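Student: sharing a sequence plus its predicted fold:
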Amino acid sequence: MVQSDHLEQTIAAPLEFTGVGLHSGAPVTMRLLPAPAGSGIVFRRTDLDNFEIPATGRNVAKVSYATSLMRQGVLISTTEHLLSSLIGMGIDNVIVELDNLELPILDGSALPYVQAFRDAGIKTQRRKRESIKVLKSIEVRDGDKFIGLYPGTGYRIQYTIDFPAPIGRQETSIDLAAETYGTFIAPARTFGYKADEKKLRDMGLIRGASEENAIVLGPKGPENGPLRFSDEYVRHKVLDLIGDLALAGRRIEGLVVAERAGHAMHTALVAKLMKDRSTWEMVHVPAKPATEPSDEHLSVAAMSRPALLGA
């Protein structure tokens, strides 16, 4: 599968996913449809007269354990994994139809989306791709939590997490320009502590969570292992970050540094970026030689092999 680096892209054929929402537990069917160049990513609630909500920062709703969009009182929840996969795989334009308020959690990662995109194909469109080039530093701080965006080449991310045992401190970095999203980030699953389950369910959250769609952490480690990577937790935080920053409307050209951040800080950075037009400019992405990974048909089974631990 050859991706364009300087022209916009969409999916070559419609795709359908079914499942349950991570937090609502509600069944949902979602269809992804090819969209014209320049249209961006648009969500459509087929159960509400095809009401549309563009995936942009101005439509960000409540942000806590997931990123939601709202327009005129209509809600779409847990958008980050799909948005991450679209940005990560270089898909600019798509219509996302769903018949309920929350996207399906699938296996808790973005890998099912990546595999579906590869199976369906990605179509190059006749419009030059634009990116948001960072011109000035932007930072958001909350106590010992921090996220910053700085000028630089490529779309580089450095992320550090520090959770209670058994996770502890992990850090990783990636440059999305190297086209390693599908192998390095997409397979990383969401995670949670078994001890927090009752509290979260009492709050009306994680009603659709199970050992099939999340890493469940006990005192000694995952209760439903093995991990796909030894640092799967921080890789999943990068996955979430890419999805949240997709709400800027374009892929970013610059460096993102995050320390113990989360959805609220990710989207606060988008809001700050969009508010100050002097901090960025829109530029056309220049063409460059493709550097595709060779193992593009990875499966969940392959990602679970012990040989990949520590990758």
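Tutor: Received the coordinates, thanks. Residues are numbered from 1 along each chain as shown.

Student: pull up the distance across stretch 218-229, start to finish.
Tutor: Distance between the two ends of stretch 218-229: 18 Å, counting by Cα to Cα, to the nearest Å.

Student: flag every buried residue along that stretch.
Tutor: Of the residues in stretch 218-229, 222, 227-229 count as buried by neighbour count, 16 or more other Cβ atoms under 10 Å. For glycine as for every other residue, the C-beta is placed from the backbone atoms N, C-alpha and C.

Student: can you put these in a markdown table and add pLDDT?
Tutor: Listed next are the buried residues of stretch 218-229 as a markdown table, based on pLDDT from 0 to 100:
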| residue | pLDDT |
| --- | --- |
| Pro222 | 97 |
| Leu227 | 97 |
| Arg228 | 98 |
| Phe229 | 97 |
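
Student: let me know the closest of the residues you listed to Leu245.
Tutor: Phe229 (21.5 Å; Cβ to Cβ).

Student: could you look up the SS state of that closest one?
Tutor: Recorded secondary structure, Phe229: coil (DSSP: H, G, I helix; E, B strand; the rest coil).

Student: I'd like the next helix or strand past the strand or helix carrying Ser84.
Tutor: Using DSSP states H and E, Ser84 falls within helix 80-88. Using DSSP H and E, the helix or strand that follows helix 80-88 towards the C-terminus is strand 94-98.

Student: residues in contact with stretch 196-216: which ones?
Tutor: For stretch 196-216, the external contacting residues (Cβ atoms under 8 Å, 6 or more residues apart in numbering) are 20-26, 65, 105-108, 189-192, 194, 222-225, 227, 232-233.

Student: same check on stretch 148-161?
Tutor: Residues contacting stretch 148-161 (Cβ under 8 Å, 6+ apart): 131, 133-140, 167, 169-178, 233-234, 237-238, 241-242, 251-261, 269, 273.

Student: what's the first-to-last distance across it?
Tutor: Terminal-residue distance, stretch 148-161 (Cα to Cα): 15 Å.

Student: so for it, what gets flagged as buried?
Tutor: For stretch 148-161, by 16+ other Cβ under 10 Å, it's 148-149, 155-157, 159-161.

Student: same check, this time on stretch 77-92
Tutor: By 16+ other Cβ under 10 Å, the buried positions in stretch 77-92 come out as 77-92.

Student: so what pLDDT did Glu296 get?
Tutor: Glu296 carries a pLDDT score of 36 in this model.

Student: what's the answer for Pro293, then?
Tutor: Pro293 is given a pLDDT of 41.

Student: how about the buried residues of stretch 148-161, which pair is most distant?
Tutor: Farthest-apart pair in these is Tyr155 and Ile161; separation 19.8 Å (Cβ to Cβ).

Student: returning to what we had before: looking at the buried residues of stretch 218-229, which is nearest Gln115?
Tutor: Checking the buried residues of stretch 218-229 one by one against Gln115 (Cβ to Cβ), the nearest turns out to be Arg228, at 14.0 Å.

Student: name the helix or strand for Glu139, please.
Tutor: strand 138-142.

Student: among the contacts of stretch 148-161, which are in strands?
Tutor: 131, 133-134, 138-140, 169-175, 251-259 (DSSP state E).

Student: number of residues surrounding Glu211?
Tutor: Counted with other Cβ atoms under 10 Å, residues neighbouring Glu211 total 11.

Student: so where's the stretch 1-150 of the chain shaky on pLDDT?
Tutor: Applying pLDDT under 70 to the stretch 1-150 of the chain flags the ranges 1-4, 63.

Student: list the beta-bridge partners for His284.
Tutor: Beta-bridge partners for His284, by DSSP bridges, are Glu130.

Student: show me the contacts for it.
Tutor: Shown in contact with His284 (Cβ under 8 Å, 6+ apart): 6, 128-130.

Student: closest one to Asn59 out of these, please.
Tutor: Glu130 (19.8 Å).

Student: measure Arg201 to Pro164 for me?
Tutor: Here Arg201 is placed at a distance of 20 Å from Pro164 (Cβ to Cβ, to the nearest Å).

Student: out of the ones in strands among the contacts of stretch 148-161, which end up buried?
Tutor: Of the ones in strands among the contacts of stretch 148-161, these count as buried by 16+ other Cβ under 10 Å: 131, 133-134, 138, 140, 170, 172, 174, 251-259.

Student: what's the span of stretch 106-113, first residue to last?
Tutor: 9 Å.

Student: about what we covered before: filter the contacts of His284 down to the buried ones.
Tutor: Listed as buried from these are 129-130; burial here means 16+ other Cβ under 10 Å.

Student: now render the contacts of His284 as CSV, adding distance to Leu69.
Tutor: Listed next are the contacts of His284 as CSV, based on distance: Cβ to Cβ, whole Å:
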residue, distance to Leu69
His6, 28
Lys128, 27
Arg129, 23
Glu130, 22
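
Student: what's the most distant pair in the contacts of His284?
Tutor: The widest separation within the contacts of His284, taken as Cβ to Cβ, falls between His6 and Glu130 and amounts to 9.9 Å.
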